[in-house]
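sequence first, then the predicted structure:
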Amino acid sequence: MKNSGVQSVLAYHDRSKHRLGRYAPGPGFMDWDNQPDPFLRYKGARTQPFLKVPIDEPAASLPLDAHGLSRLFFDSLALSAWKSYQGKAWPLRVNPSSGNLHPTEGYLISGPVPGLLEQASVCHYSPLEHALEIRAEIPVELWQKISSSTPDGSVFIGLSSIHWREAWKYGERAFRYCQHDVGHAIEAIGTSARALGWRAKLMDGLSTADLVALLGLSGPRTDEENEEPECLLLITPDGAADPGEVLSPETVTAFQKLAWSGIPSPLSAAHESWPAIDEAALASRKERTPELTTESGVGESHPRKIIHQRRSAVDFDGTTAMSQDSFYRILSKVQGPSEVIPWKPEVHLAIFVHRVTGLDPGLYFLIRNPAQASELRESMKPGFHWKKPEGCPSDLEFFQLVAGDARQAAKAISCGQDIAADGCFSLGMIAHFEAPLRERGAWFYRRLFWECGMIGQTMYLEAESAGVRATGIGCFFDDEMHEILGLTGLRYQSLYHFTVGGPVEDARLTTLPGYPDLARG
């Protein structure tokens, strides 16, 4: 069964590759009248607004109370702005998303919180209003059992994906993009938690069926608009001991007996079916496994201004250069393991350097897990230099492979998009691929994309801090990228591309605040 699941995700991965002569199957045109609603609501569920959080409130350690929880969601999954053009407006969010389609939904599982929740509850987060929709109340005895195994005041945040939101535009490749977005959201939550003096940990021992029960995702909805459970994060005070398993099978079963309220709102009048996505989702669902201790890894909070001003660049000026210090700072922030996830890095970066002051243009490579260094070198072209640039920090496993102008190669690989060549640098995220799937199971396929999304989210914020801007690139020619590096077979695969540079702003657009009532004070 384990092997058949791996074969299924490998088949999906191959089918969803873009190739020079054929893009992955997609809808062919944009049915704008049928675009999915970006905001899911649970009709009939009681709404509990969060406390208002001033956008200019300084970062500070806060208790896990009504104010702190509002800040946690406001700085991770909320609206950051509205864009307006010729009478039409659309929202942007703190967490990035491919095509700004936002397939990721957020949930809160919490005990009683004065001023917010009278009883322990499971809630859906509604970013449009920055509010909670209370789906179910948790009996006192059940919550006491859960809280007895966690540090005082701990809460859980769950994430799910609605594949239809992405498939409407991107077709079969959408499953990949949904997983990138889960990674973006995980790191956005981790960043927000750190700024509050808390810690986020992925509860990766849970099964997909566990998540269905805990988040109440078995209610009536169309197959095309089904919410696929992804993960659960435990939020605790920083410095608290790792609690290990806190949600036993018996505890999870008790959630199935809760009185759930609210019917999910329809998102589109019509749908196009994408069976390959359904097959990949089914094959990559997870069984319960032992809970692993999260490694002590990298993690940093960012100024709230940076978090809320983050935007995905749509164009670069082709002239802006980045200093070596800023470039190496970005690499240092994504070099090691994350403090949120319990596995060692499986993703490395092949970097096309274009405009970094003091660094020769060319193709470079950042090894994020030194244990894979020998295998990487053996797998790639034998003629590569593997030369550490002069001035590179000693703790960075960063090497020049080939010197020379890499702009055209970067553009060609990224489906001919100028944005891959006009920035300071662009990159491909190269994942250790087949072996982790064979060893752990097909469920780890999703996690490889999550790791990529987490790297991307960190780069988004670091780029903003450096005075430039970034954007993810989902459209790239997979095997042609492998050919540039000399990779063959499935040992390593390129899963996500990214680019950083000097943005060109669209002066036609008007930017409005995410929540006008907060802007008015």
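Alright, I've got the coordinates. Since the structure is predicted, the reported quantities are computational estimates derived from the model, not experimental observations.

can you list the domain ranges for the protein.
Here the domain assignment for the chain is 2-265+275-283, 312-501, based on automatic domain parsing.

and these, which one's lowest on average pLDDT?
Note on those: domain 2-265+275-283 shows the lowest mean pLDDT, a mean of 94.

re earlier: turn the domains of the chain into JSON lines, including distance to Ala507.
No exception for glycine: its C-beta is placed from N, CA and C like everyone else's. Shown next, in JSON lines, are those (distance: least, C-beta to C-beta, whole Å):
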{"stretch": "domain 2-265+275-283", "distance to Ala507": "11"}
{"stretch": "domain 312-501", "distance to Ala507": "12"}
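
what's the closest of the ones you listed to Tyr515?
Nearest to Tyr515 among the domains of the chain is domain 2-265+275-283; the distance by C-beta to C-beta comes to 6.3 Å.

got the domains of the chain as TSV, with mean neighbour count columns?
Shown next, in TSV, are the domains of the chain (neighbours: other C-beta atoms under 10 Å):
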stretch	mean neighbour count
domain 2-265+275-283	19
domain 312-501	20
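
indicate which one of those is closest to Pro303.
domain 2-265+275-283 (6.6 Å).

and the closest one, how far out from the chain middle?
11 Å (C-alpha atoms, centre = their mean, to the nearest Å).

same check on stretch 476-489?
24 Å.

which other residues reach that stretch?
Outside stretch 476-489, the residues within contact range by C-beta atoms under 8 Å, 6 or more residues apart in numbering are 17-20, 350, 363, 379-382, 384, 401, 409, 412-415, 428, 430, 434, 492-494, 497.

can you do 7 Å?
Here stretch 476-489 makes contact (C-beta atoms under 7 Å, 6 or more residues apart in numbering) with 17-20, 350, 379-381, 409, 413-415, 428, 494, 497.

from these, which is closest to Glu118?
Closest to Glu118, out of all of the contacts of stretch 476-489 and judged by C-beta to C-beta, is His497, at 47.0 Å.

so the closest one is in which element?
Taking DSSP states H and E as the criterion, His497 maps to strand 492-501.

parallel or antiparallel, list what pairs with that strand.
Using DSSP bridges, the strands paired with strand 492-501 are strand 425-432 (antiparallel), strand 469-473 (antiparallel).

start to end distance for stretch 99-115?
Distance between the boundary residues of stretch 99-115 (C-alpha to C-alpha, to the nearest Å) amounts to 36 Å.

no no, stretch 113-127
20 Å.

swap in stretch 343-354?
Note: stretch 343-354 ends 32 Å apart using C-alpha to C-alpha.

go on, stretch 15-30?
End-to-end for stretch 15-30, by C-alpha to C-alpha: 22 Å.

mind checking how far Glu224 is from Leu159?
20 Å (C-beta to C-beta, to the nearest Å).

no wait, Ala406
35 Å.

how about Ile263?
Taking C-beta to C-beta, one finds Ile263 at 21 Å from Leu159.

same check, this time on Gly441
20 Å.

same check on Gly183?
Distance from Gly183 to Leu159, by C-beta to C-beta: 10 Å.

for Arg440, same thing?
Counting by C-beta to C-beta - Arg440 and Leu159 are separated by 20 Å.

equivalent analysis for Ala470, please.
Applying C-beta to C-beta to Ala470 and Leu159 gives a distance of 22 Å.

returning to what we had before: what does the strand holding His497 contact?
180, 313, 316, 320, 379, 414, 419-420, 422-433, 448-449, 452, 456, 459, 463, 468, 470-473, 476, 478, 481-482.

likewise for stretch 463-471?
So stretch 463-471 is contacted by 302, 306, 309-313, 320, 322, 326, 330, 419, 424, 459-460, 498-503 (C-beta under 7 Å, 6+ apart).

so which of those residues sit within strands?
498-501 (DSSP state E).

I'd like these laid out as CSV, including distance to Leu215.
Listed next are these as CSV, based on distance: C-beta to C-beta, whole Å:
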residue, distance to Leu215
Phe498, 30
Thr499, 34
Val500, 35
Gly501, 38
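
of those residues, closest to Leu232?
So of the ones in strands among the contacts of stretch 463-471, ranked by how close each gets to Leu232 (C-beta to C-beta), first place is Phe498, at 26.9 Å.

and Leu247, what does it touch?
146, 203, 206, 210.

so how far is Ile341 from the second one?
In this case it means Met203. For Met203, the distance to Ile341 - C-beta to C-beta - is 11 Å.

excluding chain neighbours, what is closest to Ala89?
Trp82 (5.0 Å; C-beta to C-beta, 6 or more residues apart in numbering).

show me the beta-bridge partners of the one you found.
Going by DSSP bridges, Trp82 forms beta bridges with Pro91, Leu512.

what pairs with Glu105 across the strands?
Ser160.

that one against Glu225, yeah?
No. The pair Glu105 and Glu225 fails to qualify as a contact (C-beta atoms under 7 Å) at a distance of 11.3 Å.

contact partners for Val356?
Per C-beta under 7 Å, 6+ apart, neighbours of Val356: 321-322, 324, 327, 424-425.

and for it, nearest residue in space, chain neighbours not counted?
Per C-beta to C-beta, 6+ apart, closest to Val356 is Phe327, 4.7 Å.

same question for Ala270.
Asn34 (5.5 Å).

which stretches of the stretch 201-350 of the chain form helices?
Using DSSP state H, counting those that start in this stretch, the helices found in the stretch 201-350 of the chain span residues 208-215, 249-255, 275-283, 304-309, 324-334.

now for the second one, which elements pack on it?
Okay, so that is helix 249-255. helix 140-147, helix 208-215 (3 or more C-beta pairs under 7 Å, 6 or more residues apart in numbering; DSSP states H and E).

and Gly158, how far from Lys257?
For Gly158, the distance to Lys257 - C-beta to C-beta - is 18 Å.

is it possible to export the contacts of Val356 to TSV including distance to Gly44?
Shown next, in TSV, are the contacts of Val356 (distance: C-beta to C-beta, whole Å):
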residue	distance to Gly44
Ala321	55
Met322	51
Gln324	57
Phe327	51
Cys424	50
Phe425	49
